[in-house]
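Novice: Got a sequence here, can you model it:
(2 chains)
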Amino acid sequence: MKSSITIKATLLAILSSATVAGVASAQNQPTNQEVPLNPFVPRPAANPEPAATPEREVQRPDARQPDTAANPPASPTTQPDFPADPDFSADPDNYAQARAASQLAGDESMGPDQPEVTKRRKKGPPVVIKHPIVLAAPTAHLLPAAVIYSSTSLDTGGGFGSKFKVGLGDVGEFGIETTDRVRFIAGAGLDPETIQPLLLASFKMGIGEDRLFEHQPALALGFRKSFETKHNDFDIRVAAIELVASKTLGPVSIHAGGVFWDASLASRFSGDDAIVLHDYGTKRQIRPIAGLQASPFKDSQLLVDIYWVPRFDLSTDTAREKISLRPALSWGVRYNVGKSVSIESGVRVPDIGEANLLDAQIFGQLTFSSSKLRDALGVGE
Amino acid sequence: MSISHKYTCALVCALGLLSARAQPASAEATQEKQPRVVTTASAWLPEAGTVFLMGGFDQTIRPSGYASIGLGGVAELGLSLDRQRSEPGQEAKLALAHFKMGTPEGFGHRFVPAVALSYRKTLPSEIQFISLSDTFEVAVLGAVISKRMGPVSLHIGAELFSAEDETSGKSLNKVIRPTLGLEWHPADLPLTTLVADMHWLPGNSNESESGDALLDTRWNAAWGVRYQSLDWASIDLNLRLQEGESISEAIITLGLTGSFSVLNPELSLERAQDN
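Specialist: Numbering: from 1, shown residues only, chains lettered A, B, ... in the order given. Sure thing, here's the model as predicted:
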C-alpha cells in the first residue's frame, strides 16, 4: 500500500512538472513556420555564436542594475545558465524597423501594415535565467518574475527528487519540491534509507548582483519547510532557513552562506515527547554551505557544492544524537541542451563524514525553464 | 512492476527517443578518443551529445556492454556490464553506472593533458532488468590523465576502491591502485589502433591477521586491436587476463563500437569547429 502511494506520488510529480514546464518550454521551440524576423521568436541559430561566449568580455552593468529581466543589464556579466537567443538583440523595435526596411525595398513578404489591434504583441526582452540551486546547495540567484523552473532527478540508489519553482516579481521565488536527501536509520546495524516522498514548500527572497552598489554579490534569504511526513511509525518534520551570497567572477560563480535547520521526530504510538533538534543548542543547527560553478565551455558548467541535511538515527540510545546534520558533497556538470532545457549529472555523497564510497550515488537530472507565463502576463514589457 | 523497473523503462524509452535523432559521430570520436582504452577508463570525454555504444561477446558467448553519453564536452554518464572473477572458479557480473567529468587535452595550455575524475558504482540488483543475483558491490573513485604524444596515447591514473560481498560478508575498504593504458596509432595503418591497459579490481579473498574475511584486489590486463571499419564504428578484438590465471584461461572478446551524435548535433559540430 505504502509502495503504491509512493509510486502514485512519484508519477504525479513527474507528470505535473513535465506537463507544466515541459509543454511550456516545448512551445518555445522554434518551427519553420515562425515569422522569421520577429526578434523575440526563437529560431535555430544561423550564426552559432551566442550572446555570451566562453571568453566572455565581462562588461559589468552599472551599479543598481539588477541581473533580472525586469531591468536587465546592458550586457550580461557572465554566461546565463540558459543562454539568450543569439540571433536577436533585446531591442523590441527591431521587428518594426526590419519590416519597414523590407517594405521600402519592395519586399511584401512581411505583410502590409496592419491596424494596430492586429499587430503581433510585443514581448519583453529575453530573460536571463540563473539557476536557483547549484546541485544541492541554493544560490542567491532568483528566478525572474513569472518564470517557471522545474527539475526532476533520479539516482542509482532509486532516489527521486523533483522541484517546481516560480519567480515572484524579480525579488522572490516560491517552490514545491520533493527530496530524497533526508535519511533515516531504523536501527542498529541497518543502512540509512531515504525518506520518500518528503514534500517541502520553499520561499526565497533577495536582491540581484550589483543591485545596491558595484561588486555587490547577490543575496538571498530562503526558507524551506516540510509537510508532516510519516515514516516507520514516526512523524517527521524538517525546516531550514538559508542565507546565501553569490558572486560572479568571469566564468566562475561562487556561492557561500549558512543554513539553520530544525527537525522533529515524534513516535506515533508511544507517549514520549517529540525529539526536536532545537532542544540541543543552536550550535547543532547552524552549518555552512558553499558552491562553485565554472564554465569551461559556453554550454556547460562544472559544479561542486557542500550542503548539510538532517539525518534521523534510531540506532543511538541518546535522544541528542537521534537527529543530526550531516554534510553532503555533490559534484557534477550542467549541460544546456537547448534554450530552456538542461541536463545535470554527477555524484552525490550523502555523508562525507562517514566517507563511505559505497554510499555515494550517481544521479541524472533534467531541468526545464519557461518564460511563457511571463510573456503571457506581459511581465517586463 | 517495481518503481525501479519503471525508472529503467523510462530511461530506455528516453534513450530510444534520443536515438531517433542520432547522427554518426566523427571518426576521431570513434577511433582516437574513446572513453575506455580496453577496460580501463581514459581521460577522453565524448563530445557534447555523443552516445557511445559498445557491445561484445567472449569465447563462451557471455555478453559485455558499455553505453554512455557525453554531457557538454566536460562529462560522461553511462552504464556498463562486465564480468569479474571474484574467486577462483566464480564470476561476478558487474553492472555498473559511471560518471566521469574533466577537461580536454590542451585546456588552458597546449601541453596540458586531458584530466578526468570518475566514479563507478554497481547498480543495485532491484533496478536491473535481468536478475543479476550477484551481491558483489563495488564503488570506485578514480582520477586519470591522458596525453597524445605523436602516434602514442598514454593514460595514467589511480583508483580508490571500496567493495562488499554481502553473501560472504567480505569487504574491501579504501584501497588505492594504479591504472595504465596505452594506445598506438601506426602511421602506415591509419584505420588500426593497438591498445593495452592494466587496472585492478576486487576479488581473490584473503583473511586478515585479525581473522576478518577480506576481499583483495587482482590485476587485470587487456590488450588487442581496434579496427575503424566505418567512420562511426569500429571492431575491437581483445584478450583479457587476470591475476592468478594461466594464459589458457584468458578471455577473448570480440566487440563492436559505435558513436552517434544526439541531443544537439549543431552544438557538437560547432564545438568541434571551435577546437
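Novice: which sections of the stretch 1-150 of chain A are below the confidence cut-off?
Specialist: Along the stretch 1-150 of chain A, the model assigns pLDDT under 70 to residues A:1-125.
Novice: Could you rerun that using 80?
Specialist: A:1-127 (pLDDT under 80).
Novice: Same question for chain B.
Specialist: For chain B, applying pLDDT under 80 flags the ranges B:1-33, B:83-94, B:124-136, B:165-170, B:202-216, B:244, B:262-275.
Novice: Any idea which residue of it lies closest to chain A?
Specialist: Nearest residue of chain B to chain A (C-beta to the nearest C-beta) works out as B:Gly72 at 2.5 Å. C-beta: built from backbone N, CA, C; applies to glycine.
Novice: ok now do residue 138, which residues does it touch?
Specialist: No chain specified, so I'll use chain A. A:132, A:204, A:220, A:222, A:242, A:244, A:255, A:257, A:289 (C-beta atoms under 8 Å, 6 or more residues apart in numbering or on different chains).
Novice: My question was about chain B, not that one.
Specialist: In this structure, B:Val138 makes contact with B:94, B:96, B:120-122, B:161-163, B:201-202, judged by C-beta under 8 Å, 6+ apart.
Novice: and chain A, which of those residues reach it?
Specialist: Among these, the ones lying near chain A by C-beta under 8 Å from any C-beta of the partner chain are B:121, B:161-163.
Novice: and the residues you listed, which are buried?
Specialist: Buried members of those, counted by 16 or more other C-beta atoms under 10 Å in any protein chain shown: B:121, B:161-163.
Novice: got a markdown table for those residues, with secondary structure too?
Specialist: Formatted as a markdown table, those follow (DSSP: H, G, I helix; E, B strand; the rest coil):
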| residue | secondary structure |
| --- | --- |
| B:Lys121 | strand |
| B:Phe161 | strand |
| B:Ser162 | strand |
| B:Ala163 | strand |
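Novice: If we go by neighbour counts, what in the biggest strand by length in chain B is buried?
Specialist: The longest strand of chain B (DSSP state E) is strand B:213-230. Under the neighbour-count criterion of 16+ other C-beta under 10 Å, strand B:213-230 has B:214-215, B:217-218, B:220-226, B:228 buried.
Novice: Ok, stretch A:189-208 next?
Specialist: Across stretch A:189-208, burial judged by 16+ other C-beta under 10 Å covers A:192, A:194-200, A:202, A:204-208.
Novice: now the residue of chain A found nearest chain B, nearest residue through space, not along the chain?
Specialist: For chain A, the residue closest to chain B is A:Ser300, as judged by C-beta to the nearest C-beta, at 2.5 Å. Using C-beta to C-beta, 6 or more residues apart in numbering or on different chains and skipping residues adjacent in sequence, the residue nearest A:Ser300 is B:Gly72, 2.5 Å away.
Novice: For the one you found, give me its contacts.
Specialist: For B:Gly72, the contact set (C-beta under 8 Å, 6+ apart) comprises A:297, A:299-301, A:333-336, B:48.
Novice: now those residues as CSV including neighbour count, distance to B:Ala116 and secondary structure?
Specialist: Formatted as CSV, these follow (neighbours: other C-beta atoms under 10 Å in any protein chain shown; distance: C-beta to C-beta, whole Å; DSSP: H, G, I helix; E, B strand; the rest coil):
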residue, neighbour count, distance to B:Ala116, secondary structure
A:Phe297, 22, 15, strand
A:Asp299, 26, 19, coil
A:Ser300, 27, 14, strand
A:Gln301, 27, 17, strand
A:Val333, 28, 12, strand
A:Arg334, 26, 17, strand
A:Tyr335, 27, 16, strand
A:Asn336, 25, 21, strand
B:Ala48, 29, 15, coil
